[in-house]
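# 3D model of this:
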Amino acid sequence: MKKLEYYQILSFTMAEIFKLTLDSEKEILTKTVACLKNSGIAIIPTDTVYGLVCDGENEKAKQGIYLIKGRDYSKPLIGFVRDIEKAKNVAIIPERFFPFISNRWPGRHTFVFKSKVEIPFIVSKEKTIGLRIPDFDFVRNLCLHFSMIASTSANISQTKSAFRLHEINRTIIENVSIVVEGFNLSGKESAIWDMTEDIPKLIRGRILFVCSGNSCRSPMAQAITEKMIGNLRIEISSAGTDTSFLNRASQETIEVLKEVGIDITHFVSSSITEQMLAFSDLIFVMEEKHKERILQLFPQAYDKTFVLNVPDPAGGNIFHYREIRDIITDRIKNFVLTRIKK
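Reported below is the predicted structural model:
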């Protein structure tokens, strides 16, 4: 991307860089609002990664974001809104989804709804709109000054998102008006949910499988799911509620997975943590006791934790492990995959 290409459209000065602190926030907010109202583009911190933002109603600025990133025009930008009432003005939000959404907004979740409006570069050709209410005071205060803020991650398309300022490509920094340096970014991209069907379906995010020792059932589920979903934008992991230090998958588990073309020889077990549960978007457990343990540790997981009802094969022979492998495969096909957008 040549700098000149962007200036031919938007004629900006070089970016001003500001460090966000409690003392400077008000002044930086005023400057950022003025920038966006003057067709500018800014790099700002969010509760996930650094974002490129502009006034959601400014077509020239939105086009500039595509040019800066080298982004495919078929991929809509995300809309930041100040509250759910504002979201309801532009999107069709079924009432049955309100509890699910309210448990995640404000926060790191983007929801894709059927759109009520036509907004170039934000509403897709399928008439859907992706919206988010960030859990970051600076961004939410910025939203108070606009009907919607158009946003995307501050990276060249198909490259890693940045959660430190020095990770942002120089080309991007040279082609915006303001850069706001923040702090305490999670480094985790937002989860994306399709809310246009009967149940929420995960487009991008993290799935966690949980059993007791993380040596039999949950490693099987993780490996089988990874094979089934291929290169979807979903990260799969597994953990145990009672895991031994540096434990590995059982030999029987390794053998029965190898029979279906999956190698987990080097798998190392993990124990569940509060942070792991917080950043998982869907959690599938083998037994009710695992769900109870998770909710003791992280009660907020109540509406994203599901029981697969898979018995423990530990102590059984290889035939029993094959049976459990096949049960898990069936549960994934008929339950887990129904909650993933393909």
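# and Lys289, what element?
Assessed by DSSP states H and E, Lys289 sits inside helix 288-297.
# Please export the C-alpha coordinates of that helix as PDB.
Provided in PDB are the C-alpha atoms of helix 288-297 (Å, rounded to 0.1, in the frame of the first residue of the first chain):
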ATOM      1  CA  GLU A 288     -22.800 -32.800  35.000                       C
ATOM      2  CA  LYS A 289     -20.200 -32.800  37.800                       C
ATOM      3  CA  HIS A 290     -17.800 -31.000  35.400                       C
ATOM      4  CA  LYS A 291     -20.400 -28.300  34.800                       C
ATOM      5  CA  GLU A 292     -20.900 -27.900  38.600                       C
ATOM      6  CA  ARG A 293     -17.200 -27.400  39.100                       C
ATOM      7  CA  ILE A 294     -17.000 -24.800  36.300                       C
ATOM      8  CA  LEU A 295     -19.900 -22.800  37.700                       C
ATOM      9  CA  GLN A 296     -18.300 -22.900  41.100                       C
ATOM     10  CA  LEU A 297     -15.100 -21.400  39.700                       C
END
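# just checking, what packs against that helix?
strand 201-211, helix 274-279, strand 282-285, strand 305-307 (3 or more CB pairs under 8 Å, 6 or more residues apart in numbering; DSSP states H and E). Heads up, the C-betas are built off the backbone N, CA and C, glycines and all.
# Ramachandran coordinates for the closest residue in space to Leu277 that isn't next to it in sequence?
Excluding the flanking residues, the one nearest Leu277 by CB to CB, 6 or more residues apart in numbering is Phe298, at 4.0 Å. Main-chain torsions, Phe298, degrees, to the nearest 10: phi -150, psi 80.
# Check whether Phe298 really touches Ala278, as I assumed.
Yes. Between Phe298 and Ala278 there is a contact under CB atoms under 8 Å: 6.4 Å.
# Looking at these two, which is more packed in?
Between Phe298 and Ala278, Phe298 has the larger neighbour count (other CB atoms under 10 Å), namely 20 against 13.
# which residues touch that one?
274, 277-278 (CB atoms under 8 Å, 6 or more residues apart in numbering).
# Could you do Ser190 as well?
Applying CB under 8 Å, 6+ apart, one finds that Ser190 lies in contact with 48, 78, 108-110, 132, 204.
# per-domain residue ranges of this structure.
The chain breaks down by automatic domain parsing into domains covering 3-191, 197-339.
# For my notes, please list the ones you listed in CSV and give mean pLDDT for each entry.
Conversion of the domains of the chain to CSV gives the following (pLDDT from 0 to 100):
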stretch, mean pLDDT
domain 3-191, 93
domain 197-339, 96
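# Verify the contact between Ile149 and Val53 for me.
Yes. When contacts are counted by CB under 8 Å, Ile149 is listed as touching Val53 (5.2 Å).
# overlap in contacts of those two?
Taking CB under 8 Å, 6+ apart as the criterion, Ile149 and Val53 both touch 36, 80, 142.
# hmm, which of those residues are the buried ones?
The neighbour count (16 or more other CB atoms under 10 Å) marks 36, 80, 142 as buried among the shared contacts of Ile149 and Val53.
# Contacts only, for the closest residue to the first one other than its chain neighbours.
What sits nearest to Leu36 in space, not counting adjacent residues and going by CB to CB, 6+ apart, is Asp55, at 4.8 Å. By CB under 8 Å, 6+ apart, the contact set of Asp55 is 36-37, 39, 61, 146, 149-150.
# What does Asp55 show for phi and psi?
Per-residue torsions, Asp55: phi -60, psi 120 (degrees, to the nearest 10).
# Which residues does it form beta bridges with?
Ile149 (DSSP bridges).
# how near is it to Val180?
Applying CB to CB, to the nearest Å, the value for Asp55 to Val180 is 16 Å.
# ok, now Ser24?
To Val180, Ser24 is 10 Å away according to CB to CB.
# His145: what's it in contact with?
By CB under 8 Å, 6+ apart, the neighbours of His145 are 33, 36-37.
# ditto for Ala223
Contact partners of Ala223, counting by CB under 8 Å, 6+ apart, are 257, 262, 264, 267.
# Equivalent analysis for Ile172, please.
43, 52, 68-69, 154-156.
# follow-up on the earlier one: now, which of the contacts of His145 sits nearest Arg339?
Nearest to Arg339 among the contacts of His145 is Leu36, at 36.5 Å by CB to CB.
# in terms of contact, does that closest one touch Val53 like I think?
Yes. Leu36 lies in contact with Val53 (CB under 8 Å); the separation is 7.1 Å.
# hey, what's in contact with both of these two?
With CB under 8 Å, 6+ apart, Leu36 and Val53 have common neighbours 42, 142, 149.
# any idea how far Arg206 is from Ser237?
Taking CB to CB, one finds Ser237 at 7 Å from Arg206.
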